[in-house]
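*Asks:* Have a look; sequence and predicted model below, questions after that.
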Amino acid sequence: MSTVLLTDRAWPDDALERGIIEAAGHELVAGPAIAGDEAAIEALVRRHRPDAILTCWAPVSAAAIAAAPSLRIVARMGVGLDNIALEAATNAGAWVTNVPDYCVEEVSDHALALIFAWTRGIARFDAAVKRGEWNPAGARLRRLANLTAGIVGFGRIGRATARKLHGLGVRVLAHDTHAGADASETAALVPLAALLAHSDIVVLHVPLTPRTLHLVDAAWIAAMKDGALLVNVSRGPVVDTAALIDALAQGKLSGAGIDVVEGEPVPPIELVGRDDVIATPHVAFSSDAALAELRTRAATEVVRVLGGSVPSAASNAPAPSLHAR
């Protein structure tokens, strides 16, 4: 019997994961639902010395990996790997996996929802009506089909967003941060400078890496079209918060739609409290169907590796002599 540590979760209970792990003859131990910091996770690992780690948002550091000498897999319950010390896991002979395509429809839908909230004024009108205001003459709305949207990051989710916008009659431009992106019938692939200069809406679908940290800085925003909307449904630190606040205050951007933000789960009120910002609490990935798929596939990867098989969605390649225990 192997020990599996669930570091945190973004759903009410661990029944689904526990059922899969225990049915395979292993033990699941669970930390607090809310992700702890690096020190808290390292303490959990030292206490339980797991053979596998299931993690949602908790930071799995190199020290945490070193504290689990029998570790065979770190399974991310999500897409991005920015909270896992990938190199340390690889050097320790542990697989790192994710679930790369479980929420393609949800995140692309969420990007569109933020766009609609901006073009149709949904959030601000709702707040005004609840304050007792009724002023249709004050509406300053936009026809979506007359606009150009630029998508930065043209992977699975970026392509889904392009497909949906294209279907609504929007002109779509795309730029991928990795060279060699394939052409698409729903978007024109263009250099980043052209995308920023011509897009009324810019949607971010990029992973958080050292290269994309504060990708959207003051210079980046200065290159955007005046009055544009910035939508971030990727990772908060991709955007320099101070630069975004300044651009909104100066009127360079007319709005921002953000599902992720630096400092979450306690984001800066100077940003999220603004009337021209539509903010949601990192829920773009979520739906009943997506969560069931995510949890099942992540837990199944753990069972697969603990049973001696190769994972189906590996993000690294540890030496066989190390991970075959």
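*Replies:* Perfect, I can see it now.

*Asks:* switch to C-alpha atoms for all contacts and neighbour counts from now on
*Replies:* Fine.

*Asks:* any idea which helix or strand carries the residue nearest to R9 when sequence neighbours are not counted?
*Replies:* Excluding the flanking residues, the one nearest R9 by CA to CA, 6 or more residues apart in numbering is A33, at 5.0 Å. Under DSSP states H and E, no helix or strand contains A33.

*Asks:* residues contacting A33?
*Replies:* T7, D8, R9, A10, W11 (CA atoms under 8 Å, 6 or more residues apart in numbering).

*Asks:* Highest neighbour count among those?
*Replies:* Highest neighbour count within the contacts of A33: T7, with 25 neighbours (other CA atoms under 10 Å).

*Asks:* Quickly note the distance from that residue to P265.
*Replies:* 17 Å (CA to CA, to the nearest Å).

*Asks:* Please apply the same query to C103.
*Replies:* For C103, the distance to P265 - CA to CA - is 21 Å.

*Asks:* Tell me which of those two has more neighbours.
*Replies:* Using other CA under 10 Å, the more surrounded residue of C103 and P265 is C103, with 23 against 11.

*Asks:* give me every residue that touches that one.
*Replies:* Contacts of C103 (CA under 8 Å, 6+ apart): F285, S286, A290.

*Asks:* if we go to 10 Å?
*Replies:* Residues counted as contacts of C103 (CA atoms under 10 Å, 6 or more residues apart in numbering) are 78-79, 109, 156-157, 284-287, 289-291, 293-294.

*Asks:* show me what contacts the closest residue in space to P100 that isn't next to it in sequence?
*Replies:* Nearest residue to P100 in three dimensions, chain neighbours excluded: V79, at 4.8 Å (CA to CA, 6+ apart). By CA under 10 Å, 6+ apart, the contact list for V79 reads C56, T97, N98, V99, P100, D101, Y102, C103, P207, F285, L294.

*Asks:* any idea how far A219 lies from A52?
*Replies:* Here A219 is placed at a distance of 43 Å from A52 (CA to CA).

*Asks:* What of L112?
*Replies:* Per CA to CA, L112 is found 37 Å from A52.

*Asks:* if we can go back for a sec, buried ones among the contacts of C103?
*Replies:* Neighbour-count burial (16 or more other CA atoms under 10 Å) is assigned, among these, to G78, V79, D109, I157, A284, F285, S286, A290, L291, L294.

*Asks:* Please enumerate the helices of the stretch 51-200 of the chain.
*Replies:* 62-66, 86-91, 104-119, 122-130, 156-167, 192-198 (DSSP state H, counting those that start in this stretch).

*Asks:* Just put those in a markdown table and tack on mean pLDDT and distance to A313.
*Replies:* What follows is these, written out as a markdown table (pLDDT from 0 to 100; distance: least, CA to CA, whole Å):
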| stretch | mean pLDDT | distance to A313 |
| --- | --- | --- |
| helix 62-66 | 98 | 20 |
| helix 86-91 | 96 | 14 |
| helix 104-119 | 98 | 16 |
| helix 122-130 | 94 | 38 |
| helix 156-167 | 97 | 15 |
| helix 192-198 | 98 | 30 |
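
*Asks:* Figure out which of the ones you listed is closest to L173.
*Replies:* Each of the helices of the stretch 51-200 of the chain has some distance to L173 by CA to CA; the shortest is helix 192-198, at 6.2 Å.

*Asks:* Could I get the CA-only coordinates of the helix or strand that that closest one is followed by as CSV?
*Replies:* Next helix or strand after helix 192-198 toward the C-terminus (DSSP H and E): strand 201-204. What follows is strand 201-204, C-alpha atoms only, in CSV (Å, rounded to 0.1, in the frame of the first residue of the first chain):
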residue,chain,number,x,y,z
ILE,A,201,-9.9,43.2,-27.1
VAL,A,202,-6.7,41.3,-26.0
VAL,A,203,-7.2,37.9,-24.4
LEU,A,204,-4.3,36.2,-22.5
